[in-house]
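In: attaching a predicted model along with its sequence, questions to come.
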Amino acid sequence: MSVMTFASLTLGPYLGVMRRPCLPSSPSPASMAMGMLRPVMLPQGTALYPRARMNSARHEVVKAGSGSRLMGICGVGSLTAARLLAETGDIRRFHSADAFAMAAGVAPIPASSGKTQRHRLNRGGNRQLNWALYTIAFVQSRCDERARRYLARKQAEGKSWKEAIRCLKRQLARVVYRQMLADAVACELTT
């Protein structure tokens with residue numbers, strides 16, 4: 001049985017392959033993707049990329065179809081607003097913002113024992129609503145100065161970043177509930 005050593009390995013055939021230029025016989029996935037993103041010329045002569053056109057169209061459909069002003073809240077895009085509207089249904093079925101937060105799974109559950117006062121994570125509720133509120137909280141943690149100050153204050157109180165985001169989601173549930181309720185009342189008055 002022979003033992004191979006590194007000195008006995010020859011790399012000649014492999015080096016020749018590595019030195020050859022790479023000439024693609026078919027377009028690469030990157031060039032195909034760039035081809036799909038070529039600008040589309042609109043009748044007015046303005047160039048729009050298909051994805052941007054699709055997002056603006058989706059934004060207009062959500063805005064016009066629901067009469068909602070949810071997208072005025074920082075961090076709420078057309079998909080998040082559509083998710084909130086679809087998963088909530090009629091907002092008036094919730095008697096308060098607390099009930100809405102419990103249904104979304106962002107209301108903390110008391111888990112106190114004796115003199116120890118604490119809350120545990122609510123794993124129940126509508127996970128799609130919870131995801132939408134998390135998306136808003138995450139965007140606001142990056143873009144909104146008020147949310148950043150709130151998170152910094154919660155972290156100064158000794159909470160971890162995840163716990164601070166949970167607190168922010170709870171506050172955002174109130175904001176979303178109030179906006180959706182105001183939209184429902186405005187829609188009721190116009191019809």
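Out: Noted; the coordinates are in hand. Numbers count the residues shown, from 1 in each chain.
In: only C-alpha atoms from now on, for both contacts and neighbour counts.
Out: Will do.
In: helices of the protein, residue ranges please.
Out: Taking DSSP state H as the criterion, the chain carries its helices at 12-19, 29-36, 50-66, 78-88, 97-104, 127-143, 145-156, 161-190.
In: could I get those helices as TSV with distance to residue 115, mean pLDDT and mean neighbour count?
Out: Listed next are these as TSV, based on distance: least, C-alpha to C-alpha, whole Å; pLDDT from 0 to 100; neighbours: other C-alpha atoms under 10 Å:
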stretch	distance to residue 115	mean pLDDT	mean neighbour count
helix 12-19	70	44	9
helix 29-36	60	39	10
helix 50-66	48	53	14
helix 78-88	37	89	19
helix 97-104	25	95	21
helix 127-143	30	95	19
helix 145-156	22	96	15
helix 161-190	21	92	17
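In: out of those helices, which comes closest to residue 120?
Out: Between residue 120 and those, the tightest spacing by C-alpha to C-alpha is seen for helix 161-190, at 10.0 Å.
In: just checking, what packs against that closest one?
Out: Other helices and strands packing on helix 161-190, by 3 or more C-alpha pairs under 8 Å, 6 or more residues apart in numbering; DSSP states H and E, are helix 97-104, helix 127-143, helix 145-156.
In: between those helices, which one is nearest to residue 80?
Out: Across those, residue 80 has its closest neighbour in helix 127-143 (5.7 Å, C-alpha to C-alpha).
In: keeping just the C-alphas, turn that closest one into PDB.
Out: The C-alpha coordinates for helix 127-143 follow below in PDB (Å, rounded to 0.1, in the frame of the first residue of the first chain):
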ATOM      1  CA  ARG A 127     -49.700  34.700  13.500                       C
ATOM      2  CA  GLN A 128     -50.300  36.700  10.300                       C
ATOM      3  CA  LEU A 129     -51.300  39.800  12.200                       C
ATOM      4  CA  ASN A 130     -48.400  39.300  14.500                       C
ATOM      5  CA  TRP A 131     -46.000  39.100  11.500                       C
ATOM      6  CA  ALA A 132     -47.500  42.300  10.100                       C
ATOM      7  CA  LEU A 133     -47.000  44.100  13.400                       C
ATOM      8  CA  TYR A 134     -43.400  42.800  13.600                       C
ATOM      9  CA  THR A 135     -42.700  44.000  10.100                       C
ATOM     10  CA  ILE A 136     -43.900  47.500  11.100                       C
ATOM     11  CA  ALA A 137     -41.900  47.400  14.300                       C
ATOM     12  CA  PHE A 138     -38.800  46.300  12.500                       C
ATOM     13  CA  VAL A 139     -39.000  49.000   9.900                       C
ATOM     14  CA  GLN A 140     -39.800  51.700  12.500                       C
ATOM     15  CA  SER A 141     -36.800  50.600  14.500                       C
ATOM     16  CA  ARG A 142     -34.600  51.500  11.500                       C
ATOM     17  CA  CYS A 143     -36.400  54.500  10.200                       C
END
